[in-house]
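Q: got a structure for you, letters missing:
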């Protein structure tokens, strides 16, 4: 089965195989070991399945950096309830030396997903970020909630367009090339997520996998996804008749009453659970979070970043 995918980050054959197939469980499990002694914690990017886990680790890593914290509060307009899922946080807390990632396209060279290091901070002054040796003062920008049917903006948040990047969700890390990455699989349920996470690494020495479970690796997309990749595509006709033909796709299971979360991330796995031996027992996903939410809220209730979480958990 061919999916039109090729490895361009990885050079090691065993890692390329792991990315493409995710079938070598013993190899992936062997990557649950510490990085080399010279690697600093702040050099490693940690990947998680949920925003909450990434936020907790980012806050912990930020507190370990010496120096003063600077708080940037967003300005909200319109129906603020629509901004609760805005990628730009209501309260952004930074320190000099913190790892950050852009969350909006600013220019041709400063695009969504570009990582940098906070270089300089001063009260009431835009933060200066070091992007690959270029020191860039970042002014705040608008994040709009736009309704296409009403053709108007319903809400707007104005904030510095970065978030902390010591830890990221797999979704946020798509497209990234990471030299040092730790993948925590415990909350991976959606198909393809494991492949996307492992595919961020460039070498086996720069990849660590923890809480590995086979079901997270081998969970398949719906057959319609694989059928799409297997299709033969021809060039577009000049009159676009090809686009007007009705395509008949295989039926998709009804997940309306299911707890399964569908995900649109492309999978690099060609492994079929149906091909496995019946006597082979899969490990169930380890879904229990290492964080106790009540203890976390009590310990951090005085922190400004908790203003983003408390409405959701209280």
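A: Happy to help now that I have it. From a predicted model like this one, the values you see are computed outputs, not experimental measurements.

Q: what about residue 95, distance to residue 132?
A: For residue 95, the distance to residue 132 (CB to CB, to the nearest Å) stands at 20 Å. (Each C-beta comes from the backbone N, C-alpha and C, glycine too.)

Q: and the two? Which one has more around it.
A: A direct count of neighbours by other CB atoms under 10 Å for residue 95 and residue 132 places residue 95 higher, at 18 against 10.

Q: roughly how far apart are that one and residue 48?
A: 21 Å.

Q: cool, and residue 60?
A: 13 Å.

Q: more neighbours: those two, which one.
A: Taking neighbours as other CB under 10 Å, residue 60 and residue 48 compare with residue 48 leading, 25 against 13.

Q: I'd say the more buried one and residue 167 touch.
A: Yes. At 6.1 Å, residue 48 counts as touching residue 167 under the criterion of CB atoms under 8 Å.

Q: in contact with residue 184, which residues are there?
A: Counting by CB atoms under 8 Å, 6 or more residues apart in numbering, residue 184 makes contact with 46-49, 53, 210-211.

Q: how does it look with 10 Å?
A: For residue 184, the contact set (CB atoms under 10 Å, 6 or more residues apart in numbering) comprises 46-50, 53-54, 57, 167, 170, 197, 208-212, 286, 290.

Q: residue 36 versus the closest residue to residue 125 other than its chain neighbours, what's the distance?
A: Excluding its sequence neighbours, the residue lying closest to residue 125 (CB to CB, 6 or more residues apart in numbering) is residue 137, at 8.0 Å. Going from residue 137 to residue 36 by CB to CB gives 36 Å.

Q: buried residues of stretch 143-160, list them for me.
A: The neighbour-count check on stretch 143-160 (16 or more other CB atoms under 10 Å) flags 143-145, 155-160 as buried.

Q: what do residue 60 and residue 48 both touch?
A: With CB under 10 Å, 6+ apart, residue 60 and residue 48 have common neighbours residue 167.

Q: any idea which helix or strand in this structure has the lowest mean pLDDT?
A: helix 310-313 (a mean of 50; mean pLDDT, DSSP states H and E).

Q: which stretches of the stretch 51-200 of the chain form helices?
A: Assigned helices in the stretch 51-200 of the chain, in chain order: 51-64, 170-173, 193-198 (criterion: DSSP state H, counting those that start in this stretch).

Q: for the shortest one, packing partners?
A: Based on contacts counted as 3 or more CB pairs under 10 Å, 6 or more residues apart in numbering; DSSP states H and E, the elements that helix 170-173 packs against are strand 45-48, helix 51-64, strand 181-184, helix 193-198.

Q: reformat those as JSON lines; add distance to residue 99 and mean pLDDT.
A: Shown next, in JSON lines, are those (distance: least, CB to CB, whole Å; pLDDT from 0 to 100):
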{"stretch": "strand 45-48", "distance to residue 99": "8", "mean pLDDT": "92"}
{"stretch": "helix 51-64", "distance to residue 99": "8", "mean pLDDT": "93"}
{"stretch": "strand 181-184", "distance to residue 99": "13", "mean pLDDT": "91"}
{"stretch": "helix 193-198", "distance to residue 99": "18", "mean pLDDT": "81"}
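
Q: between these, which one is nearest to residue 110?
A: Proximity to residue 110 (CB to CB) singles out strand 45-48 among those, at 19.2 Å.

Q: how about residues contacting the closest one?
A: In contact with strand 45-48 (CB under 10 Å, 6+ apart) are residues 53-58, 61, 99, 101, 115, 165-173, 176, 178-188, 193, 196-198, 200-201, 208-210.

Q: can you classify the residue lying closest to residue 29 once chain neighbours are set aside by secondary structure?
A: Spatial nearest neighbour of residue 29, excluding adjacent residues (CB to CB, 6+ apart): residue 212 at 5.3 Å. Secondary structure state of residue 212, per DSSP: H, G, I helix; E, B strand; the rest coil, is coil.

Q: could you report the separation of residue 212 from residue 199?
A: Here residue 212 is placed at a distance of 15 Å from residue 199 (CB to CB).

Q: tell me which of these two has more neighbours.
A: residue 199 (29 against 21).

Q: give me the pLDDT for that one.
A: Listed pLDDT for residue 199 reads 82.

Q: got it, and the one 3 residues further on?
A: The pLDDT attached to residue 202 in the predicted structure is 85.

Q: count the residues that sit near it.
A: Around residue 202 there are 18 residues (other CB under 10 Å).
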